[in-house]
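1. pasting a predicted model and its sequence here:
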Amino acid sequence: MNEEFYCVLKLVSGEEIISEIFIDDTDGKAMIVLQSPLKVETVNRGPTGLMRLVPWMSVPDDDIYFISLDKVITMTEISADNEMVEAYHHYNQQKNFYSEGIKKVKVSKKMGYISSVEDARTTLENIFNQTDSVAGIATHA
């Protein structure tokens, strides 16, 4: 069975995970392959509860993870148009946007750029160290 589908899994650790998965049983022992899994957390807000998605692994090096079937209590397939799947995609799109790095925009005078901090500091120090001949005031002793 190598068909991908969206699924919510309840692990023996108590965690609930949403992910796009497939079952890999090529070497005789079935493994669940998770792609970009997210942990589902319940947040209590007054009389109602909300669900939020957070990374399953705190410091991920990869987007693909393997779990043996004996670590799963239960799992259920969810349809691609489910709002949890939409939230899953939204979270992963944002994660991918930020992990690729935000492209730095080169600022221009039109955007309000006047000079670098170093250039501005040098200019202001030169002004401070000069004598103001118009007003007749010396700025240094």
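-> Yes, it's here. Residues are numbered from 1 along each chain as shown.
2. report the buried residues of stretch 25-41.
-> Buried positions in stretch 25-41, judged by neighbour count with 16 or more other CB atoms under 10 Å: 31, 32, 33, 34, 36, 37, 38, 39, 40. For the C-beta atoms, the positions are set from N, CA and C on the backbone; glycine is no exception.
3. from those, which is closest to residue 80?
-> residue 36 (14.8 Å; CB to CB).
4. give me the contacts around the one helix or strand the closest one maps to.
-> Using DSSP states H and E, residue 36 sits within strand 31-45. With contact meaning CB atoms under 8 Å, 6 or more residues apart in numbering, strand 31-45 is reached by 4, 8-9, 15-25, 49-57, 63-69, 72, 75, 84, 88, 91-92, 95.
5. ok, then the element right after it?
-> Next helix or strand after strand 31-45 toward the C-terminus (DSSP H and E): strand 48-55.
6. quick one, that following strand and strand 31-45 angle?
-> Per axes from the mean of the first three to the mean of the last three CA atoms, to 10 degrees, the angle that strand 48-55 makes with strand 31-45 is 140 degrees.
7. send me the following helix or strand past strand 48-55 as CSV with only the CA atoms.
-> Next along the chain after strand 48-55, taking DSSP H and E as the criterion, comes strand 64-68. C-alpha atoms of strand 64-68 as CSV (Å, rounded to 0.1, in the frame of the first residue of the first chain):
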residue,chain,number,x,y,z
ILE,A,64,10.0,12.9,6.3
TYR,A,65,9.7,10.7,9.4
PHE,A,66,9.1,7.0,9.9
ILE,A,67,7.0,5.4,12.7
SER,A,68,6.4,1.7,13.3
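8. much appreciated, bye for now.
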